[in-house]
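[1] sequence first, then the predicted structure:
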Amino acid sequence: MARDLTQLELLQELAQVAEENVNRHISMAKEWHPHDYVPWDEGRNFAAMGGDDWDIEQSQLDEVARAAMITNLLTEDNLPSYHREIAENFSMDHAWGTWVGRWTAEENRHGIVMRDYLVVTRAVDPVELERFRMEHMTNGYSSLPDGGAAGLLHSVSYVTFQELATRVSHRNTGKACNEPIADKMLQRIAADENLHMIFYRNICGAALDLAPDQTLRSINEVIQNFQMPGAGMPNFRRNGVLMAKHGIYDLRQHLEEVVMPVLRKWNIFDRTDFTADGEKTREDLAKFLEKLEGQAVKFEEQRDRMLAREAAKREQQAS
Ligand SMILES: [Fe+2]
Ligand SMILES: [Fe+2]
């Protein structure tokens, strides 16, 4: 079995790829401004300045869109935790450091625009939103349950899937809002998340070529323990269920729009550079994916039954 590369060796060996991809990212990324995505003329004062405080009647978004918006915004709000994880694992040296800074600045824009939009349009309760932000950020986030440093490979495979997952979630939240400004704003954010995903996916792909067994071990671990970063935020269970029930982020999308496209891109199931040890990890991963497929089918059946029951109830009430 080949010896595992140390964190320092990985960072050094992959520094060139990091530099190429930072340059690629900067050449692809388009400048945009949060203020262009907020309907400022809808804004007015709250009670502290002589206006009215928030009331649910003021919101144009339905319950699902509100839950998804809050979940996605709180996720963006937790940026200091993700920054810490990325900075600890990528280091702040050379291209790695450039990326950490640039990525953090881009992510911050997502929280800014979403909050401005939600407060100006009175789409959600700003008091509740602020309390949730305080609670969620105070708890912080770590991709490892014990909060320890995850290592470069774990970190880079986690963020590959996570960026793609947030892309899907933002995109579908935009559609669920049924409102062209929100949709455009979330499309803009989703396009950023896609570029971020490509950066991490390329680094992880290069790591696979460099240390196939070792990288696959991290990928397998991340897939088997994947949790959206929203896990642990106030109301996450309730909001997560609502979002899954209404197709904003569910197991089928997780499997088919997030996990599988990335695994295909990395050529995981056709690679010939794993040792016997890597082969074992790959079999373990394949078994897990089969299990996930079974769970997705079961979830869809349950959801269909639940939605049918709810529709029947509505019809009964209407007649
Ligand atoms: Fe983001
Ligand atoms: Fe992102």
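    Structure received. Ligands and ions are numbered 1, 2, ... in the order given.
[2] contact residues of the stretch 51-200 of the chain facing ligand 1?
    Glu107, His110 (C-beta under 5 Å from the ion). From N, CA and C alone the C-beta is placed, and that goes for glycine too.
[3] could you pull out the helices for the stretch 51-200 of the chain?
    In the stretch 51-200 of the chain, the segments counted as helices under DSSP state H, counting those that start in this stretch are 63-77, 79-90, 94-120, 126-139, 152-177, 180-210.
[4] report the buried residues of stretch 53-64.
    For stretch 53-64, the neighbour count (16 or more other C-beta atoms under 10 Å) marks Trp54, Ser59, Leu61, Val64 as buried.
[5] give the contact list for the residue in the stretch 101-250 of the chain positioned nearest to ligand 2.
    Across the stretch 101-250 of the chain, no residue is closer to ligand 2 than His196, which sits at 3.7 Å (C-beta to the ion). His196 sits next to Trp103, Glu106, Glu107, Val159, Glu163 when contact means C-beta atoms under 8 Å, 6 or more residues apart in numbering.
[6] in a markdown table, list the helices of the stretch 51-200 of the chain along with mean pLDDT.
    What follows is the helices of the stretch 51-200 of the chain, written out as a markdown table (pLDDT from 0 to 100):
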| stretch | mean pLDDT |
| --- | --- |
| helix 63-77 | 96 |
| helix 79-90 | 93 |
| helix 94-120 | 97 |
| helix 126-139 | 96 |
| helix 152-177 | 96 |
| helix 180-210 | 98 |
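[7] which of those sits closest to Glu19?
    Nearest to Glu19, of all those, is helix 94-120, at 3.8 Å by C-beta to C-beta.
[8] tell me the pLDDT at Asp146?
    What the model reports for Asp146 is a pLDDT of 56.
[9] again, but for the one 4 residues further on
    Each residue has a pLDDT score; the one for Ala150 is 75.
[10] pretty sure it sits against Arg84.
    No. Between Ala150 and Arg84 there is no contact under C-beta atoms under 8 Å: 11.2 Å.
[11] which of those two has more neighbours?
    The neighbour count for Ala150 versus Arg84, taken as other C-beta atoms under 10 Å, is higher for Ala150 (20 against 14).
[12] can you tell me the helix or strand for the nearest residue to Asn139 once chain neighbours are set aside?
    For Asn139, ignoring the flanking residues on the chain, the nearest one in space by C-beta to C-beta, 6 or more residues apart in numbering is Gly232 at 6.1 Å. In the assignment (DSSP states H and E), Gly232 maps to no helix and no strand.
[13] same check on Arg237?
    Element membership of Arg237, judged by DSSP H and E, is helix 236-245.
[14] return the set of buried residues in that helix.
    The neighbour-count check on helix 236-245 (16+ other C-beta under 10 Å) flags Phe236, Asn239, Gly240, Leu242, Met243, Ala244, Lys245 as buried.
[15] and the spatially most central residue of the chain, how far from Val156?
    By C-alpha atoms, centre = their mean, the chain has its centre lying nearest to Thr166, at 2.9 Å. From Thr166 across to Val156, the span is 16 Å (C-beta to C-beta, to the nearest Å).
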